[in-house]
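[1] For reference, the sequence and a predicted model appear below.
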Amino acid sequence: MQVDHVYQQTTAGDVMERSLRSLVTACVEGVNVSVLGLGSAKTQKHRVLFLPMPDQSLPVAVFQTLFDTVQSKIATINNTSNSSSVSMAVRKNQVISSATFSLRLSFAELLEETITDLLAMTSNGNREGSRQDLVIEDDPALGTIIKNLT
């Protein structure tokens with residue numbers, strides 16, 4: 001597994017600016033991206049990921065950046081394909097026919113050698129996480145994956 005950066009002492013804002021913003025841009029360009037927070041149970045990874053930054057939590061900031069980047073990409077595609085020199089603002093509710101984006105997200109927790117799918121439904125329909133046969137594998141085409149992850 002290749003690691004791009006290791007944070008020692010950091011804030012959520014540092015993680016967003018130094019790593020996640022560029023990963024979001026790569027994602028919109030078609031690159032599969034993953035973020036892995038790891039360390040002992042006493043590390044601050046949970047605080048960095050889920051406690052609010054000055055304006056929003058890190059996951060909210062990532063999703064906002066993702067949607068803004070997709071909208072910017074769509075605007076660029078539309079402006080390139082339009083013969084008109086009038087620039088149109090892209091709104092969140094605007095229907096775009098010249099581009100299709102598909103985003104797939106997975107959230108997993110690795111704790112005490114158990115991988116939990118945080119988005120999986122249990123047999124009774126609750127979203128309590130699934131502990132079904134999730135294993136980390138090296139896929140020749142995709143690289144490192146968590147098999148059976150939602």
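    The structure has been received and is ready for your questions.

[2] Could you list every helix and strand in contact with the longest helix anywhere in the chain?
    Of all the segments of type helix in the chain, defined by DSSP state H, the longest one is helix 58-81. Judged by 3 or more CB pairs under 8 Å, 6 or more residues apart in numbering; DSSP states H and E, the packing partners of helix 58-81 are helix 12-15, helix 21-28, helix 45-50. Placement of C-beta: from N, CA and C, glycine included.

[3] Just the CA coordinates for the shortest one, please, in PDB.
    In PDB, the C-alpha atoms belonging to helix 12-15 read as follows (Å, rounded to 0.1, in the frame of the first residue of the first chain):
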ATOM      1  CA  ALA A  12      -9.000  19.100  10.200                       C
ATOM      2  CA  GLY A  13      -8.300  22.300   8.200                       C
ATOM      3  CA  ASP A  14      -4.700  21.100   7.600                       C
ATOM      4  CA  VAL A  15      -6.000  17.700   6.400                       C
END
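
[4] Name the residues of it that come out as buried.
    12, 15 (16 or more other CB atoms under 10 Å).

[5] before we move on, what about the second one?
    Neighbour-count burial for helix 21-28, counted by 16+ other CB under 10 Å, picks out 23-25, 27-28.

[6] any residues touching that helix, and which ones?
    33, 35, 62, 65-66, 69-70, 73, 101, 103 (CB atoms under 8 Å, 6 or more residues apart in numbering).

[7] Most neighbours out of those residues, which is it?
    Among the contacts of helix 21-28, the one with the most neighbours (other CB atoms under 10 Å) is V62, at 21 neighbours.

[8] Could you double-check that that residue lies in contact with E17?
    No. Between V62 and E17 there is no contact under CB atoms under 8 Å: 11.7 Å.

[9] Tell me where this protein is predicted with low confidence.
    1, 38-56, 80-99, 121-133 (pLDDT under 70).

[10] tell me which of the buried residues of helix 21-28 is nearest to I145?
    The closest of the buried residues of helix 21-28 to I145 turns out to be C27 (CB to CB; 16.2 Å).

[11] Walk me through which strands the host helix or strand of T144 pairs with, and which way each runs.
    Assessed by DSSP states H and E, T144 sits inside strand 143-147. Strand 143-147 sits in its sheet next to strand 135-139 (antiparallel), going by DSSP bridges.
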